[in-house]
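1. Quick one: sequence and predicted model below, then my questions.
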Amino acid sequence: MISKWWATSSGALKGAVWMVLAGVFFAGLAVTIRLSAKEVEVLEVIFFRNFFNLILMLPWLVQTGWSSLQTKRLGLHALRSVNGLFSMFFWFAAVTMLPLAEATSLSFTAPLFATVGAALFLAENVRLRRWLAVSVGFFGTLIILRPGIEIVSLGAVYMLIGAVFVAISMLYIKVLSRTDSPNTIVLIYALFTTPVSAVPLFWVWEMPQGITWLWLLGVGISATGGHLCLSRAMASADASAVLPYEYVRLVFVAIIAFFLFKEVPDLWTWVGSLVIFSSGIYIANRESAALKAVSYTHLTLPTILLV
(Lines give C-alpha, C1' and ligand atoms only; values in the text may rest on other atoms or scores of the structure.)
Protein backbone atom coordinates (compact mmCIF):
# COMPACT_ATOMS: atom_id res chain seq x y z
CA MET A 1 0.00 0.00 0.00
CA ILE A 2 2.82 2.39 0.88
CA SER A 3 4.61 1.70 -2.41
CA LYS A 4 1.41 2.39 -4.35
CA TRP A 5 0.84 5.63 -2.44
CA TRP A 6 4.44 6.66 -3.11
CA ALA A 7 4.19 5.86 -6.82
CA THR A 8 1.10 8.04 -7.21
CA SER A 9 2.36 10.92 -5.05
CA SER A 10 3.24 14.27 -6.59
CA GLY A 11 6.82 15.35 -7.13
CA ALA A 12 6.40 18.13 -4.57
CA LEU A 13 5.26 15.67 -1.89
CA LYS A 14 8.12 13.29 -2.64
CA GLY A 15 10.56 16.19 -2.50
CA ALA A 16 9.18 17.24 0.88
CA VAL A 17 9.52 13.71 2.29
CA TRP A 18 13.10 13.38 1.04
CA MET A 19 13.97 16.80 2.48
CA VAL A 20 12.57 15.90 5.89
CA LEU A 21 14.58 12.66 5.86
CA ALA A 22 17.65 14.69 4.94
CA GLY A 23 16.95 16.87 7.96
CA VAL A 24 17.02 13.78 10.18
CA PHE A 25 20.36 12.68 8.72
CA PHE A 26 21.94 16.11 9.03
CA ALA A 27 20.74 16.52 12.60
CA GLY A 28 22.53 13.23 13.23
CA LEU A 29 25.60 14.64 11.49
CA ALA A 30 25.79 17.59 13.87
CA VAL A 31 25.37 15.33 16.89
CA THR A 32 27.96 12.75 15.80
CA ILE A 33 30.45 15.53 15.02
CA ARG A 34 29.99 16.86 18.54
CA LEU A 35 30.41 13.40 20.10
CA SER A 36 33.39 12.46 17.92
CA ALA A 37 35.24 15.71 18.55
CA LYS A 38 35.13 15.06 22.29
CA GLU A 39 37.52 12.15 21.71
CA VAL A 40 39.64 13.08 18.66
CA GLU A 41 40.71 16.27 16.90
CA VAL A 42 38.31 17.99 14.51
CA LEU A 43 40.78 17.44 11.64
CA GLU A 44 40.57 13.71 12.25
CA VAL A 45 36.77 13.86 12.24
CA ILE A 46 36.93 15.61 8.87
CA PHE A 47 39.14 12.86 7.45
CA PHE A 48 36.77 10.11 8.57
CA ARG A 49 33.79 12.03 7.23
CA ASN A 50 35.43 12.02 3.79
CA PHE A 51 36.84 8.49 4.09
CA PHE A 52 33.56 6.81 5.01
CA ASN A 53 31.74 8.91 2.43
CA LEU A 54 34.12 7.66 -0.27
CA ILE A 55 33.77 4.04 0.89
CA LEU A 56 29.99 4.30 0.76
CA MET A 57 30.16 5.78 -2.75
CA LEU A 58 32.50 3.14 -4.22
CA PRO A 59 29.67 0.75 -5.22
CA TRP A 60 28.14 3.55 -7.25
CA LEU A 61 31.52 4.21 -8.93
CA VAL A 62 31.87 0.52 -9.79
CA GLN A 63 28.38 0.54 -11.28
CA THR A 64 28.82 3.67 -13.40
CA GLY A 65 32.46 3.13 -14.35
CA TRP A 66 35.33 5.58 -14.64
CA SER A 67 33.50 7.47 -17.37
CA SER A 68 31.62 9.27 -14.60
CA LEU A 69 34.88 11.03 -13.70
CA GLN A 70 35.46 12.61 -17.11
CA THR A 71 35.89 16.37 -16.89
CA LYS A 72 37.79 19.14 -18.63
CA ARG A 73 37.90 21.27 -15.47
CA LEU A 74 40.03 19.25 -13.09
CA GLY A 75 41.79 22.33 -11.74
CA LEU A 76 38.50 23.97 -10.81
CA HIS A 77 37.39 20.75 -9.12
CA ALA A 78 40.61 20.79 -7.10
CA LEU A 79 40.04 24.38 -5.99
CA ARG A 80 36.46 23.59 -5.05
CA SER A 81 37.65 20.59 -3.00
CA VAL A 82 40.25 22.60 -1.08
CA ASN A 83 37.65 25.27 -0.40
CA GLY A 84 35.27 22.55 0.78
CA LEU A 85 37.83 21.32 3.30
CA PHE A 86 38.10 24.82 4.75
CA SER A 87 34.32 25.02 5.03
CA MET A 88 34.28 21.64 6.80
CA PHE A 89 36.93 22.74 9.29
CA PHE A 90 35.14 25.91 10.34
CA TRP A 91 31.69 24.27 10.26
CA PHE A 92 32.80 21.23 12.29
CA ALA A 93 34.77 23.35 14.77
CA ALA A 94 31.80 25.67 15.30
CA VAL A 95 29.53 22.70 16.01
CA THR A 96 31.84 21.73 18.88
CA MET A 97 31.75 25.25 20.35
CA LEU A 98 28.18 26.49 19.92
CA PRO A 99 24.79 25.22 21.01
CA LEU A 100 23.73 23.08 18.07
CA ALA A 101 20.58 25.09 17.31
CA GLU A 102 22.57 28.34 17.16
CA ALA A 103 25.21 26.73 14.92
CA THR A 104 22.51 25.43 12.57
CA SER A 105 20.77 28.81 12.47
CA LEU A 106 23.95 30.67 11.55
CA SER A 107 24.75 28.12 8.83
CA PHE A 108 21.64 29.32 7.00
CA THR A 109 23.54 32.52 6.09
CA ALA A 110 25.56 30.77 3.36
CA PRO A 111 23.03 31.47 0.55
CA LEU A 112 23.13 35.14 1.51
CA PHE A 113 26.92 35.26 1.08
CA ALA A 114 26.56 33.28 -2.16
CA THR A 115 24.17 35.87 -3.58
CA VAL A 116 26.68 38.63 -2.86
CA GLY A 117 29.48 36.54 -4.39
CA ALA A 118 27.45 35.74 -7.51
CA ALA A 119 26.89 39.44 -8.12
CA LEU A 120 30.54 40.36 -7.53
CA PHE A 121 32.38 37.48 -9.22
CA LEU A 122 29.95 35.80 -11.65
CA ALA A 123 28.37 39.04 -12.89
CA GLU A 124 24.89 37.76 -12.07
CA ASN A 125 22.14 40.33 -12.26
CA VAL A 126 20.92 40.61 -8.67
CA ARG A 127 17.98 42.98 -8.56
CA LEU A 128 16.82 45.21 -5.73
CA ARG A 129 14.40 42.72 -4.15
CA ARG A 130 17.09 40.09 -3.76
CA TRP A 131 19.47 42.66 -2.25
CA LEU A 132 16.73 43.59 0.22
CA ALA A 133 16.28 39.88 1.06
CA VAL A 134 20.03 39.58 1.68
CA SER A 135 19.92 42.61 3.99
CA VAL A 136 16.99 41.15 5.92
CA GLY A 137 18.85 37.85 6.25
CA PHE A 138 21.92 39.51 7.71
CA PHE A 139 19.64 41.39 10.10
CA GLY A 140 18.48 37.95 11.26
CA THR A 141 22.11 37.13 12.01
CA LEU A 142 22.33 40.21 14.22
CA ILE A 143 19.18 39.08 16.04
CA ILE A 144 20.91 35.79 16.94
CA LEU A 145 24.29 37.28 17.84
CA ARG A 146 23.06 40.55 19.42
CA PRO A 147 26.50 42.24 19.25
CA GLY A 148 26.90 44.91 21.89
CA ILE A 149 24.45 43.09 24.13
CA GLU A 150 26.08 39.66 24.08
CA ILE A 151 29.73 38.77 23.46
CA VAL A 152 30.10 37.26 19.99
CA SER A 153 31.73 33.89 20.60
CA LEU A 154 34.59 32.35 18.65
CA GLY A 155 32.23 29.55 17.63
CA ALA A 156 29.85 32.05 16.03
CA VAL A 157 32.75 33.65 14.15
CA TYR A 158 33.86 30.21 12.95
CA MET A 159 30.38 29.36 11.71
CA LEU A 160 30.09 32.61 9.77
CA ILE A 161 33.54 32.05 8.23
CA GLY A 162 32.42 28.53 7.38
CA ALA A 163 29.29 29.98 5.76
CA VAL A 164 31.49 32.19 3.57
CA PHE A 165 33.48 29.14 2.42
CA VAL A 166 30.22 27.26 1.78
CA ALA A 167 29.06 30.22 -0.30
CA ILE A 168 32.28 30.08 -2.32
CA SER A 169 31.64 26.36 -2.90
CA MET A 170 28.19 27.26 -4.19
CA LEU A 171 29.80 29.58 -6.73
CA TYR A 172 32.24 26.87 -7.83
CA ILE A 173 29.33 24.46 -8.30
CA LYS A 174 27.40 27.05 -10.30
CA VAL A 175 30.30 27.21 -12.74
CA LEU A 176 31.06 23.46 -12.78
CA SER A 177 27.42 22.51 -13.28
CA ARG A 178 27.44 24.22 -16.67
CA THR A 179 29.66 21.45 -18.06
CA ASP A 180 29.73 18.55 -15.55
CA SER A 181 26.92 16.40 -14.17
CA PRO A 182 26.04 16.54 -10.45
CA ASN A 183 27.30 12.94 -10.03
CA THR A 184 30.67 13.87 -11.51
CA ILE A 185 30.97 16.91 -9.23
CA VAL A 186 30.16 14.92 -6.09
CA LEU A 187 32.40 11.94 -6.87
CA ILE A 188 35.46 13.98 -7.87
CA TYR A 189 34.98 15.99 -4.68
CA ALA A 190 35.10 12.80 -2.59
CA LEU A 191 38.20 11.53 -4.43
CA PHE A 192 40.01 14.83 -3.84
CA THR A 193 39.04 15.54 -0.25
CA THR A 194 39.78 12.11 1.23
CA PRO A 195 43.56 12.01 0.56
CA VAL A 196 44.01 15.74 1.16
CA SER A 197 42.21 15.59 4.52
CA ALA A 198 44.55 12.74 5.51
CA VAL A 199 47.64 15.00 5.42
CA PRO A 200 47.01 16.70 8.82
CA LEU A 201 46.77 13.27 10.44
CA PHE A 202 50.59 13.18 10.54
CA TRP A 203 50.35 15.81 13.29
CA VAL A 204 47.03 15.14 15.03
CA TRP A 205 46.42 11.40 14.67
CA GLU A 206 45.03 9.64 17.71
CA MET A 207 43.70 6.11 17.41
CA PRO A 208 39.93 6.21 18.04
CA GLN A 209 38.85 4.01 20.90
CA GLY A 210 35.69 2.04 21.54
CA ILE A 211 32.46 3.86 20.81
CA THR A 212 34.33 6.71 19.08
CA TRP A 213 34.49 4.48 16.00
CA LEU A 214 30.70 4.37 16.03
CA TRP A 215 30.46 8.16 16.21
CA LEU A 216 32.94 8.56 13.34
CA LEU A 217 31.06 6.02 11.24
CA GLY A 218 27.91 7.94 12.11
CA VAL A 219 29.47 11.12 10.72
CA GLY A 220 30.13 9.39 7.39
CA ILE A 221 26.75 7.67 7.21
CA SER A 222 24.85 10.81 8.22
CA ALA A 223 26.64 12.98 5.66
CA THR A 224 26.23 10.43 2.85
CA GLY A 225 22.63 9.57 3.70
CA GLY A 226 21.73 13.22 3.97
CA HIS A 227 23.29 14.01 0.60
CA LEU A 228 21.47 11.12 -1.07
CA CYS A 229 18.14 12.28 0.36
CA LEU A 230 18.86 15.84 -0.71
CA SER A 231 19.72 14.82 -4.26
CA ARG A 232 16.45 12.91 -4.49
CA ALA A 233 14.55 15.87 -3.05
CA MET A 234 16.07 18.27 -5.56
CA ALA A 235 15.35 15.83 -8.41
CA SER A 236 11.71 15.40 -7.36
CA ALA A 237 10.63 19.04 -7.51
CA ASP A 238 11.87 22.59 -7.98
CA ALA A 239 14.28 23.84 -5.37
CA SER A 240 11.83 26.57 -4.39
CA ALA A 241 9.27 23.86 -3.53
CA VAL A 242 11.54 21.70 -1.33
CA LEU A 243 13.95 24.16 0.28
CA PRO A 244 11.39 25.41 2.85
CA TYR A 245 11.48 21.95 4.41
CA GLU A 246 15.19 22.37 5.16
CA TYR A 247 14.06 24.36 8.19
CA VAL A 248 12.98 21.11 9.88
CA ARG A 249 16.69 20.41 10.31
CA LEU A 250 16.76 23.08 12.99
CA VAL A 251 13.78 21.49 14.74
CA PHE A 252 15.39 18.04 14.75
CA VAL A 253 18.71 19.47 15.94
CA ALA A 254 17.03 21.38 18.77
CA ILE A 255 15.13 18.29 19.95
CA ILE A 256 18.19 16.02 19.92
CA ALA A 257 20.42 18.65 21.54
CA PHE A 258 17.87 19.10 24.32
CA PHE A 259 17.84 15.41 25.23
CA LEU A 260 21.56 14.69 24.74
CA PHE A 261 23.23 17.95 25.79
CA LYS A 262 20.50 19.75 27.78
CA GLU A 263 20.65 22.67 25.33
CA VAL A 264 17.61 24.94 25.08
CA PRO A 265 17.62 27.51 22.23
CA ASP A 266 16.55 30.98 23.33
CA LEU A 267 13.80 32.97 21.62
CA TRP A 268 16.31 35.10 19.70
CA THR A 269 17.81 32.02 18.04
CA TRP A 270 14.39 30.92 16.78
CA VAL A 271 13.40 34.39 15.60
CA GLY A 272 16.74 35.11 13.94
CA SER A 273 16.88 31.73 12.23
CA LEU A 274 13.37 32.22 10.85
CA VAL A 275 14.34 35.64 9.46
CA ILE A 276 17.52 34.25 7.87
CA PHE A 277 15.78 31.21 6.46
CA SER A 278 12.84 33.19 5.09
CA SER A 279 15.17 35.51 3.21
CA GLY A 280 17.05 32.48 1.85
CA ILE A 281 13.80 30.96 0.61
CA TYR A 282 12.87 34.21 -1.11
CA ILE A 283 16.27 34.34 -2.80
CA ALA A 284 15.87 30.70 -3.93
CA ASN A 285 12.45 31.48 -5.40
CA ARG A 286 13.72 34.50 -7.29
CA GLU A 287 16.77 32.59 -8.53
CA SER A 288 14.68 29.62 -9.66
CA ALA A 289 12.44 31.95 -11.64
CA ALA A 290 15.44 33.64 -13.24
CA LEU A 291 17.12 30.33 -14.12
CA LYS A 292 14.14 29.20 -16.19
CA ALA A 293 15.24 31.77 -18.72
CA VAL A 294 18.79 30.39 -19.17
CA SER A 295 19.96 27.26 -20.92
CA TYR A 296 22.63 25.80 -18.67
CA THR A 297 22.07 23.34 -15.85
CA HIS A 298 22.23 24.87 -12.40
CA LEU A 299 22.12 23.53 -8.89
CA THR A 300 20.36 25.49 -6.18
CA LEU A 301 21.82 23.78 -3.16
CA PRO A 302 20.90 23.72 0.50
CA THR A 303 23.69 24.89 2.77
CA ILE A 304 24.34 21.54 4.36
CA LEU A 305 25.03 19.81 1.06
CA LEU A 306 28.46 21.39 1.02
CA VAL A 307 29.77 20.06 4.32
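-> All right, it came through fine.
2. Start from the N-terminal end of the stretch 51-200 of the chain and give the strands.
-> Under the criterion DSSP state E, counting those that start in this stretch, the stretch 51-200 of the chain carries no strands.
3. Show me where the stretch 51-200 of the chain has its helices.
-> 74-97, 100-107, 110-121, 128-145, 154-176, 182-198 (DSSP state H, counting those that start in this stretch).
4. mind checking which of the ones you listed is nearest F52?
-> helix 182-198 (9.4 Å; Cβ to Cβ). In short, each C-beta sits where N, CA and C put it, glycine included.
5. Measure how that closest one sits relative to helix 74-97, angle-wise.
-> Interaxial angle, helix 182-198 versus helix 74-97 (axes from the mean of the first three to the mean of the last three Cα atoms, to 10 degrees): 60 degrees.
6. other SSEs contacting helix 182-198?
-> Counting contacts by 3 or more Cβ pairs under 8 Å, 6 or more residues apart in numbering; DSSP states H and E, helix 182-198 is packed against helix 42-64, helix 74-97.
7. My read is that A37 contacts T96, right?
-> Yes: when contacts are counted by Cβ atoms under 8 Å, A37 is listed as touching T96 (4.5 Å).
8. Going by mean pLDDT, which of the helices and strands packed on helix 182-198 comes out lowest?
-> Among the helices and strands packed on helix 182-198, helix 42-64 has the lowest mean pLDDT, at a mean of 88.
9. Now do it and helix 182-198, the angle between them.
-> Using the same axes, to 10 degrees: helix 42-64 against helix 182-198 is 140 degrees.
10. Helix 42-64 packs against which elements?
-> helix 11-37, helix 74-97, helix 182-198, helix 201-204, helix 212-236.
11. Which stretch among those helices approaches G272 most closely?
-> helix 74-97 (15.7 Å).
12. What residues sit buried inside that closest one?
-> 77, 80-81, 83-97 (16 or more other Cβ atoms under 10 Å).
13. just to revisit the earlier point, adding distance to V242 as columns, could you present the helices and strands packed on helix 42-64 in JSON lines?
-> Converted to JSON lines, these look like this (distance: least, Cβ to Cβ, whole Å):
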{"stretch": "helix 11-37", "distance to V242": "4"}
{"stretch": "helix 74-97", "distance to V242": "22"}
{"stretch": "helix 182-198", "distance to V242": "15"}
{"stretch": "helix 201-204", "distance to V242": "37"}
{"stretch": "helix 212-236", "distance to V242": "5"}
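14. Kindly compare burial across the ones you listed and name the winner.
-> Sort those by mean neighbour count, taking mean count of other Cβ atoms under 10 Å, and helix 11-37 sits at the top with a mean of 22.
15. which helices and strands does that one pack with?
-> helix 42-64, helix 74-97, helix 100-107, helix 212-236, helix 239-242, helix 248-261.
16. pLDDT (mean, whole number) over that helix?
-> Averaged over helix 11-37, pLDDT sits at 86.
17. roughly how far out does that helix sit from the chain middle?
-> 10 Å (Cα atoms, centre = their mean, to the nearest Å).
18. With stretch 130-142 instead?
-> 20 Å.
19. Kindly report the same for stretch 223-230.
-> For stretch 223-230, the distance to the chain centre is 10 Å (Cα atoms, centre = their mean).
20. now do stretch 158-171
-> 10 Å.
21. any low-confidence regions in the stretch 201-307 of the chain?
-> 234-235, 237-241, 243, 287-307 (pLDDT under 70).
22. at 80 what do you get?
-> Scanning the stretch 201-307 of the chain with the threshold set as pLDDT under 80 gives 227-228, 230-247, 281-307.
23. Could I get the contacting residues of A156?
-> 94, 98, 102, 106, 144-145 (Cβ atoms under 8 Å, 6 or more residues apart in numbering).
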